[in-house]
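Sharing a sequence plus its predicted fold:
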Amino acid sequence: TGFVVISITVLACSSPNYSPPKFVFTEFINETGWPDGIAWLLGLLQAGLGLTGFDAVAHMIEEIPNAAVEGPKIMIACVGIGVFTGFIFLMVLLFVAGDVQEIINSTSGPMLAILHHATGSKAGSVCLLIFPLVCLLFATTSIMTTSSRMTYAFARDGGLPMSRFFAKVHPRLDLPLNALYLTVALVVVFGCIFLGSDSAFNAIISASVVALGVSYGIPIAINCIRGRKMLGPRPFVLPGPIGWVANIIGLSYVTVTTVLFLFPPELPVTGSNMNYCVVAFFLVLVVATVQWFVDGRKNFKGPKFDAHALEHGEVIGMPGGGERRSSDEGSVEEAVMKEE
């Protein structure tokens with residue numbers, strides 16, 4: 001709804017003073033100090049965060065009926081819908097953008113500057129900006145939900161400090177409440193970091209995107225190295241050539257963007273525009289390595305599941321899909337799937 005309302009409103013208010021098609025489709029503006037080729041590649045990073053969410057369904061897979069079939073369909077649909085609506089929305093914004101220098105120099109951010117130029121009204125631009133802010137609110141809720149499920153699953157397998165505590169499921173609400181509390185606490189901490197230092201906050205955000213990219217690339221690389229033969233029979237299978245192309249393109253994208261995310265956004269490099277992502281990412285690697293040798297290698301057991309039930313979508317948390325068993329002694333909970 002917000003996508004449609006914003007697009008129609010800005011097009012109607014800007015008519016007929018649109019940017020020429022030459023500006024929208026052919027003009028290239030580079031004020032980074034990097035050569036045009038590098039600047040174009042760095043531009044890919046603007047969509048990097050938006051391309052890290054299509055795996056959300058995988059973190060909620062235990063709560064989806066017929067997951068082996070519906071899960072891949074949902075992933076493909078999310079990417080397709082995002083590409084379609086995103087392309088149209090970007091075209092609309094470019095056609096009503098106006099003076100690019102005013103947008104670059106705006107202290108209120110490019111989105112609000114474009115909306116204000118298109119509508120000619122501060123109140124109107126603020127009202128239109130509410131739509132993406134509401135989307136961000138719902139996206140934040142979804143991210144916190146999936147993050148809590150990931151935390152619970154990892155703790156259930158003994159991969160976190162205090163795994164027994166974070167693997168507990170609330171008996172009445174039937175959700176990992178302790179894992180959700182941890183997620184909320186970390187979000188609050190990151191918010192406080194943003195209030196104290198923009199550079200530190202941006203470094204954490206960039207490092208999270210890099211870490212997500214690496215986590216996507218590892219299983220793809222292993223699958224390719226093993227000749228795409230490591231996955232067993234499953235309902236949803238891409239034909240051989242299409243699967244290889246998808247894996248190679250995905251792995252190439254992850255490799256390129258992971259390296260580019262470590263580049264400073266502009267030249268010359270100063271203390272204020274330096275990309276501290278590499279520092280944050282290094283700290284994540286150090287913490288993860290220490291945690292593995294101190295605790296993880298002793299207690300991490302890996303997920304336990306019934307492969308036949310998983311292939312048929314009989315996953316925990318769904319009617320007819322199995323049940324969750326937990327120990328009365330407070331040990332780490334294990335997801336136990338069984339056929340009816």
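Perfect, thanks for sending it.

What strand or helix carries residue 249?
helix 240-260 (DSSP states H and E).

Which residue ranges of the stretch 51-200 of the chain form helices?
Ranges of helices within the stretch 51-200 of the chain are 56-59, 67-95, 100-105, 110-119, 122-156, 163-166, 177-196, 198-225, based on DSSP state H, counting those that start in this stretch.

Just the angle for the fifth one relative to helix 110-119, thanks.
The reference is to helix 122-156. 150 degrees (axes from the mean of the first three to the mean of the last three C-alpha atoms, to 10 degrees).

So which bits of helix 122-156 are buried?
Neighbour counts using 16 or more other C-beta atoms under 10 Å place 124-125, 128-129, 131-132, 143, 145-156 of helix 122-156 among the buried residues. C-betas here are computed from N, CA, C, even on glycine.

what does stretch 104-120 give?
Buried, per 16+ other C-beta under 10 Å, within stretch 104-120: 111, 112, 113, 114, 115, 116, 117, 118, 119.

Now render the residues you listed as a markdown table, adding distance to residue 2 and pLDDT.
Below are the buried residues of stretch 104-120 laid out as a markdown table (distance: C-beta to C-beta, whole Å; pLDDT from 0 to 100):
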| residue | distance to residue 2 | pLDDT |
| --- | --- | --- |
| 111 | 12 | 90 |
| 112 | 15 | 91 |
| 113 | 18 | 92 |
| 114 | 15 | 92 |
| 115 | 12 | 92 |
| 116 | 17 | 92 |
| 117 | 19 | 90 |
| 118 | 15 | 92 |
| 119 | 15 | 92 |
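
wait, which of those residues is closest to residue 209?
Nearest to residue 209 among the buried residues of stretch 104-120 is residue 111, at 19.6 Å by C-beta to C-beta.

Select, out of the helices of the stretch 51-200 of the chain, the one closest to residue 19.
Closest to residue 19 of those is helix 67-95 (C-beta to C-beta; 5.3 Å).

helices or strands up against the closest one?
Contacts defined by 3 or more C-beta pairs under 8 Å, 6 or more residues apart in numbering; DSSP states H and E place helix 67-95 against helix 2-14, helix 21-25, helix 56-59, helix 307-311.

Compare those helices and give me the one nearest residue 136.
Closest of those to residue 136 is helix 2-14, at 10.8 Å (criterion: C-beta to C-beta).

Please work out which residues outside that closest one touch it.
85, 88-89, 92-93, 95-96, 114-115, 118-120, 124, 128, 131-132, 134-135 (C-beta atoms under 8 Å, 6 or more residues apart in numbering).

What of stretch 285-299?
158, 159, 160, 161, 163, 300, 332.

Now do that stretch: distance from first to last residue.
From its first residue to its last, stretch 285-299 covers 19 Å (C-alpha to C-alpha, to the nearest Å).

And stretch 26-41, by the same measure?
Distance between the two ends of stretch 26-41: 16 Å, counting by C-alpha to C-alpha.

what comes up buried for it?
Neighbour-count burial for stretch 26-41 flags 32, 34, 39, 41 (criterion: 16+ other C-beta under 10 Å).

Residue 159 reaches residue 300, doesn't it?
Yes - Residue 159 is in contact with residue 300 according to C-beta atoms under 8 Å; the separation is 4.6 Å.

For the two, indicate the residue with more neighbours.
Neighbour totals were compared for residue 159 and residue 300, and residue 159 leads with 22 against 15 (other C-beta atoms under 10 Å).

Who are the contact partners of the more buried one?
By C-beta under 8 Å, 6+ apart, the neighbours of residue 159 are 296, 299, 300.

Which one of the helices of the stretch 51-200 of the chain has the poorest average confidence?
Ranked by mean pLDDT, the helices of the stretch 51-200 of the chain bottom out at helix 56-59, with a mean of 74.

by contact count, what packs against that helix?
Counting by 3+ C-beta pairs under 8 Å, 6+ apart, helix 56-59 packs on helix 67-95, helix 122-156.

contacts for it?
Residues outside helix 56-59 that contact it (C-beta under 8 Å, 6+ apart) are 64, 71, 74, 75, 78, 142, 143, 146, 147, 149, 150, 153.

which of those lies closest to residue 247?
residue 75 (14.4 Å).

Now residue 266: closest residue in space that isn't a chain neighbour?
Counting by C-beta to C-beta, 6 or more residues apart in numbering, residue 32 is the residue found nearest to residue 266 once chain neighbours are left out, at 4.4 Å.

Assess the claim that that neighbour and residue 39 are in contact.
Yes - at 4.9 Å, residue 32 and residue 39 qualify as touching, with contact defined as C-beta under 8 Å.

ok so, going back, which among the helices of the stretch 51-200 of the chain is found nearest to residue 250?
Residue 250 lies closest to helix 198-225 among the helices of the stretch 51-200 of the chain, at 5.4 Å (C-beta to C-beta).
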